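Q: coords please:
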Amino acid sequence: MSNFPGLPKLAALAASAAFVLAGAPAVAGAAALGPQAEACESNGSAVLVHVEGFKSRSGLLRVQLYEANPKTFLEKKQYVERIELPVTKAGAMNVCVSVPKPGNYALYVRHYVEGKGEGSSKSDGGGFSGNPQMSLMDLAFKRKPDLNKTKFSVGGSTAEVKVVLNYVQGLSFKPIGA
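A: Numbers count the residues shown, from 1 in each chain. Sure, this is the predicted structure:
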């Protein structure tokens with residue numbers, strides 16, 4: 001059974017899945033955020049993660065990039081890159097993550113509403129690249145999404161991935177307002 005980074009408890013696990021659309025273009029002209037923003041601004045080998053659908057404008061956003069490898073995907077400390085940023089006051093966040101080489105990758109995005117970077121809040125949300133359907137039972141039993149549905153390719157230029165955050169709402173796990 002795999003360990004989702006930062007998801008030690010069932011409640012936190014249930015609050016962390018997401019709905020992600022791979023390959024959807026980010027908002028034209030939106031500034032890239034994060035310590036690796038230059039890679040996206042220069043159209044280098046990177047991924048621009050367009051994160052939207054925040055439940056609240058507080059806390060911390062964590063973006064973790066994994067190689068599209070079933071042995072390391074979502075395994076503890078097996079990510080290739082990790083970016084953490086305070087949630088902006090408004091709008092979507094366009095987080096740039098550089099990749100070490102062209103290839104296939106997958107993303108895990110988490111919104112820590114309380115900003116601690118720990119899986120302790122039932123209000124936390126998150127997501128994966130590729131639009132996997134995740135149920136509360138999938139999360140409760142720590143079932144990974146299908147890697148074939150979460151992976152995307154990055155070549156010599158910046159790829160774009162759109163992530164719509166999901167949160168637990170009653171007995172459902174879905175985007176706010178859906």
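Q: quick one, helices of the protein?
A: In the chain, the helices defined using DSSP state H lie at 10-14, 37-41, 136-140, 147-150.
Q: Please tell me I have it right and V95 contacts R62.
A: No. Contact criterion CB atoms under 8 Å: V95 and R62 do not qualify, at 9.5 Å. Any C-beta I mention is one placed from the backbone N, CA and C, and that applies to glycine too.
Q: what about the two, which has more around it?
A: V95 (26 against 20; other CB atoms under 10 Å).
Q: any idea how far that one lies from D124?
A: Distance from V95 to D124, counting by CB to CB, to the nearest Å: 17 Å.
Q: now G59
A: Per CB to CB, G59 is found 8 Å from D124.
Q: So for the two, which residue has more residues nearby?
A: Between G59 and D124, counting by other CB under 10 Å, D124 is the more crowded of the two (28 against 22).
Q: residues near V99, how many?
A: When neighbours are counted by other CB under 10 Å, V99 registers 21.
Q: Just confirm it contacts S45, I think it does.
A: Yes. Under the criterion of CB under 8 Å, V99 makes contact with S45 at 5.2 Å.
Q: so what sits against both of G59 and D124?
A: Counting by CB atoms under 8 Å, 6 or more residues apart in numbering, the contacts common to G59 and D124 are 111-114.
Q: For K77, give its distance to L139.
A: Separation of K77 from L139 (CB to CB) stands at 20 Å.
Q: what about the two, which has more around it?
A: L139 (22 against 8).
Q: Please report how far that one lies from L74.
A: Distance check for L139 against L74: by CB to CB, it reads 12 Å.
Q: What of G126?
A: For G126, the distance to L74 - CB to CB - is 12 Å.
Q: Repeat that for S123.
A: 22 Å.
Q: Pick out whichever of those two has more residues nearby.
A: The neighbour comparison of S123 against L74 (other CB under 10 Å) goes to L74, with 22 against 16.
Q: Just give me the longest strand of this structure.
A: strand 103-112 (DSSP state E).
Q: burial of G170, as a residue count?
A: G170: 7 surrounding residues under other CB under 10 Å.
Q: does S98 really touch A39, like I thought?
A: Yes. With contact defined as CB under 8 Å, S98 counts as touching A39 (4.0 Å).
Q: Brilliant, that's me finished.
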